[in-house]
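need a structure here:
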Amino acid sequence: MRTQAVPTGRRVVVLAAAGLALQVLAQTGPQLQLPRTQLKAGMHLLDVQLAQTPQQRQIGLMWRQDMPQHEGMLFIFEQAAQQCFWMRNTLIPLSAAFVADDGTVVNIADMKPQSDDSHCSEKPVRFVLEMNAGWFTKRQIKAGYQLSGQVFKR
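Numbering: from 1, shown residues only. From the prediction side, this is the model:
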């Protein structure tokens, strides 16, 4: 058997990726201790958890049994790109607003629980706001609507 030396830098990257995958697999309950911020949608004040790291974003709202109507999760990505979401291990129906850097809603997708169907932004975005299913529709929030909050200010 012949082995080949792997440069130290590559080993660290491989081990880090393997560690992240194991942490996500080991996660068996909802992540409830993420940092929070407030957003405004017109007169509606939202209390949202911030999913900022790859692991936090990958787990998202998985394993949540319920979520108060004024709460949600804001996924924050380092760079604008087409963002696609699915609902594996997510037990509650959700609506996702794909949001531009300035807080403008690009598009909204309604997502069914425990589905691998992909829901994507219509153009590159850095933010995705997940709320209970129908939250945006009930408040007549659609593409072009402006959300506000500290995260949208640069």
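
is residue 87 in contact with residue 114, as I believe?
Yes. Counting by Cβ atoms under 8 Å, residue 114 is a contact partner of residue 87 at 6.1 Å. All C-beta spots, glycine's among them, are computed from the backbone N, C-alpha and C.

of those two, who's got more company?
residue 87 (23 against 13; other Cβ atoms under 10 Å).

please report how far the residue nearest the centre of the chain lies from residue 34.
Geometric centre of the chain, nearest residue: residue 75, 3.4 Å, by Cα atoms, centre = their mean. Here residue 75 is placed at a distance of 11 Å from residue 34 (Cβ to Cβ, to the nearest Å).

which residues are common contacts for those two?
residue 51 (Cβ atoms under 8 Å, 6 or more residues apart in numbering).

hang on, the earlier thing: wait, the residue nearest to the centre of the chain sits on residue 51?
Yes. Applying Cβ under 8 Å as the test, residue 75 and residue 51 come out as touching, 4.7 Å apart.

which strand runs longest in this protein?
strand 71-81 (DSSP state E).

now that one: buried residues?
Judged by neighbour count using 16 or more other Cβ atoms under 10 Å, the buried positions of strand 71-81 are 71-75, 77.

ok, the next helix or strand after it: who's next to it in the sheet?
The element immediately downstream of strand 71-81 (helix or strand, assigned by DSSP states H and E) is strand 84-85. Next to strand 84-85 in the sheet, as set by DSSP bridges, lie strand 119-120 (antiparallel).

quick one: contacts of the strand it pairs with?
82-86, 96, 98, 109, 111.

which ones are touching the closest residue to residue 103 other than its chain neighbours?
Leaving aside its chain neighbours, residue 103 sits nearest to residue 152 (3.8 Å; criterion: Cβ to Cβ, 6 or more residues apart in numbering). Applying Cβ under 8 Å, 6+ apart to residue 152 gives the contacts 99, 101-103, 127.

same thing but 7 Å
With contact taken as Cβ atoms under 7 Å, 6 or more residues apart in numbering, residue 152 is in contact with 101-103.

what of residue 101?
Applying Cβ under 7 Å, 6+ apart, we find residue 101 in contact with 80, 126, 152.

give me the lowest-pLDDT entry from those residues.
Within the contacts of residue 101, residue 152 has the lowest pLDDT, namely 94.
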